[in-house]
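Trainee: Okay, here's the prediction I keep looking at, along with the sequence it came from:
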Number of protein chains: 2
Amino acid sequence: MRMGKGVEWAIHTLLNLAVVGGGPVGSVRLADAHGLPAAYLNKQLQQLVKAGLLASTPGPRGGFGLTRPLEEITLLDVVQAIEGDTQLFPCAEIRCQGKIGELAPAPTGACAVKAAMARADRAWREALAGQSLAEIRTELDRTPVFGNIVRSVLG
Amino acid sequence: MRMGKGVEWAIHTLLNLAVVGGGPVGSVRLADAHGLPAAYLNKQLQQLVKAGLLASTPGPRGGFGLTRPLEEITLLDVVQAIEGDTQLFPCAEIRCQGKIGELAPAPTGACAVKAAMARADRAWREALAGQSLAEIRTELDRTPVFGNIVRSVLG
DNA sequence: GGCTTACTACTCGGATACTGCTTGTCCGAGTTCAGGGGG
DNA sequence: CCCCCTGAACTCGGACAAGCAGTATCCGAGTAGTAAGCC
């Protein structure tokens, strides 16, 4: 159980877009920056567009651009955009199946297992929502050369 | 990104084994209790044996039995036994690849993205480790008939 | 009658197919820009 | 000289394959219990 690589790609791409600022950047250039397959990265970026994190402009000089500053983008936003907002624990309600399910009365409350897992799930999501991409960029800016390199590659 | 069904199966099976107490129970009977494919449940239970949560005894009258009380089994134990202890976020270090990777100096510290994701991961694991199966069983015992049904099915 | 022994039935355990999702690739619709022709 | 039009190049967007992990199944190794045979 692990999330797809698209999440890592999306985060780094969002950070790069913020560093370069300015107008939209095409998916090919964004992919070359980290040696990623361009067409597949494009697919992931479309997910970010659907989620409202990016805006896409077609045609020459087109590409993808941020719709809001990094301060307003949390890790949870990115993860949900790429992976969807499904729970980590897929409760199939097997407590209501099989011999036990047939004999037991219809359950009144929610499944205790499901509830416990949901608590952990919530802790994870809150930890993700508590960290914005802006904070991560601050960490990256500890290496001052970084900004120049990104701008030289994507500019 | 969601964990396999085996986790739900394992948790309910562990709870059932605790309720019935006594000697080992075969995988077929455990599977019938919730209408699960017996052979595949067997595969998952083997994972629990490897993790030390269950003990298996072969031959007739054999089966699986708990090795310690529910108080000493956390949700994290079960999840790690079934899913492995890999991180949710698979950092491929793409920051060191592509044009940016070639131009940037060798990174000194850990990846900021990886670190942020690891924090959320830790929050999730701590939430899982903070809940034992005994607490869940307490919830289930709110329905007093439950114990009798489990014993009648597995006895 | 008691003990030994062979047999049967039942269990786990690992090796073997199948399915669905993640990953990866390709081509078409749409738009901007450039260049040529006409007014 | 300025405007319009046509064409081309480049972009996103969704449709189309490949690979792999999760899912499901089956058969063999091993053991407890049983029943028959022997002392």
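Mentor: Arrived safely, thanks for sending. Residues are numbered from 1 along each chain as shown, chains lettered A, B, ... in the order given.

Trainee: count of residues packed around A:Pro60?
Mentor: Residue crowding around A:Pro60 was assessed by other Cβ atoms under 10 Å in any protein chain shown; the count is 6. Backbone N, C-alpha and C define where each C-beta goes, glycine included.

Trainee: so it, which of the three states?
Mentor: Put simply, A:Pro60 is coil when judged by DSSP: H, G, I helix; E, B strand; the rest coil.

Trainee: Show the pLDDT at it.
Mentor: pLDDT, A:Pro60: 91.

Trainee: ok, it to A:Gly26 distance?
Mentor: Between A:Pro60 and A:Gly26 the computed distance is 9 Å (Cβ to Cβ, to the nearest Å).

Trainee: and what of A:Ala55?
Mentor: A:Ala55 is 14 Å from A:Gly26, where distance means Cβ to Cβ.

Trainee: which SSE is the residue nearest to A:Asp141 when sequence neighbours are not counted in?
Mentor: Leaving aside its sequence neighbours, A:Asp141 sits nearest to A:Gly147 (Cβ to Cβ, 6 or more residues apart in numbering or on different chains; 6.8 Å). Assessed by DSSP states H and E, A:Gly147 sits inside helix A:145-154.

Trainee: That helix: which residues count as buried?
Mentor: Across helix A:145-154, burial judged by 16 or more other Cβ atoms under 10 Å in any protein chain shown covers A:146, A:149-150, A:153-154.

Trainee: and of those residues, the nearest to DNA strand C?
Mentor: For the buried residues of helix A:145-154, the closest approach to DNA strand C (Cβ to the nearest atom of the strand) belongs to A:Leu154, at 17.8 Å.

Trainee: Quick one: residues contacting that closest one.
Mentor: Going by Cβ atoms under 8 Å, 6 or more residues apart in numbering or on different chains, A:Leu154 touches A:16-17, A:19-20, A:25, A:29-30, A:33.

Trainee: ok, 6 Å please
Mentor: Going by Cβ atoms under 6 Å, 6 or more residues apart in numbering or on different chains, A:Leu154 touches A:20, A:25, A:29.

Trainee: Got the phi and psi for the second one?
Mentor: A:Val25 has phi and psi values of phi -130, psi 140 when expressed as degrees, to the nearest 10.

Trainee: check contacts around it.
Mentor: If a contact means Cβ under 6 Å, 6+ apart, then A:Val25 has A:63, A:154 as its contacts.

Trainee: Quick check: beta-bridge partners of it?
Mentor: Beta bridges link A:Val25 to A:Phe64, judged by DSSP bridges.

Trainee: Now the element after the helix ranked longest in chain A, going C-ward?
Mentor: Longest helix of chain A, by residue count under DSSP state H: helix A:112-129. Downstream of helix A:112-129, the first helix or strand assigned by DSSP H and E is helix A:133-140.

Trainee: quick one: which of A:Ala55 and A:Gly26 has more around it?
Mentor: More crowded of A:Ala55 and A:Gly26, by other Cβ under 10 Å: A:Gly26, with 17 against 14.

Trainee: Let me know the closest of the contacts of A:Leu154 to A:Glu71.
Mentor: Among the contacts of A:Leu154, A:Val20 lies closest to A:Glu71 (Cβ to Cβ), at 17.3 Å.

Trainee: if we can go back for a sec, what angle do the helix holding A:Gly147 and helix A:133-140 make?
Mentor: With axes from the mean of the first three to the mean of the last three Cα atoms, to 10 degrees as the basis, helix A:145-154 and helix A:133-140 are set at 110 degrees to each other.

Trainee: first to last residue in stretch A:60-75, what's the distance?
Mentor: Counting by Cα to Cα, to the nearest Å, you get 31 Å between the two ends of stretch A:60-75.

Trainee: How far off centre is that stretch?
Mentor: Distance of stretch A:60-75 from the chain centroid (Cα atoms, centre = their mean, to the nearest Å) equals 13 Å.

Trainee: what's the answer for stretch A:71-81, then?
Mentor: Here stretch A:71-81 is found 6 Å from its chain centre; the criterion is Cα atoms, centre = their mean.

Trainee: What mean pLDDT does it get?
Mentor: Stretch A:71-81 shows a mean pLDDT of 98.

Trainee: what sits against the residue of chain A most remote from its centre?
Mentor: No residue in chain A sits farther from the centre than A:Leu103, which is 43.3 Å out by Cα atoms, centre = their mean. Applying Cβ under 6 Å, 6+ apart to A:Leu103 gives the contacts B:Ile149.

Trainee: Can you give me the separation between it and B:Gly155?
Mentor: A:Leu103 sits 13 Å away from B:Gly155, taking Cβ to Cβ as the criterion.

Trainee: still on that earlier bit, may I have the helix holding A:Gly147 exported as CSV, CA atoms only?
Mentor: Extracted in CSV, the C-alpha atoms of helix A:145-154 (Å, rounded to 0.1, in the frame of the first residue of the first chain):
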residue,chain,number,x,y,z
VAL,A,145,21.4,28.2,-6.0
PHE,A,146,18.3,26.2,-6.3
GLY,A,147,16.1,29.1,-7.5
ASN,A,148,18.6,30.1,-10.2
ILE,A,149,18.8,26.5,-11.5
VAL,A,150,15.1,26.1,-11.7
ARG,A,151,14.7,29.4,-13.6
SER,A,152,17.5,28.5,-16.0
VAL,A,153,15.9,25.1,-16.7
LEU,A,154,12.3,26.3,-17.0
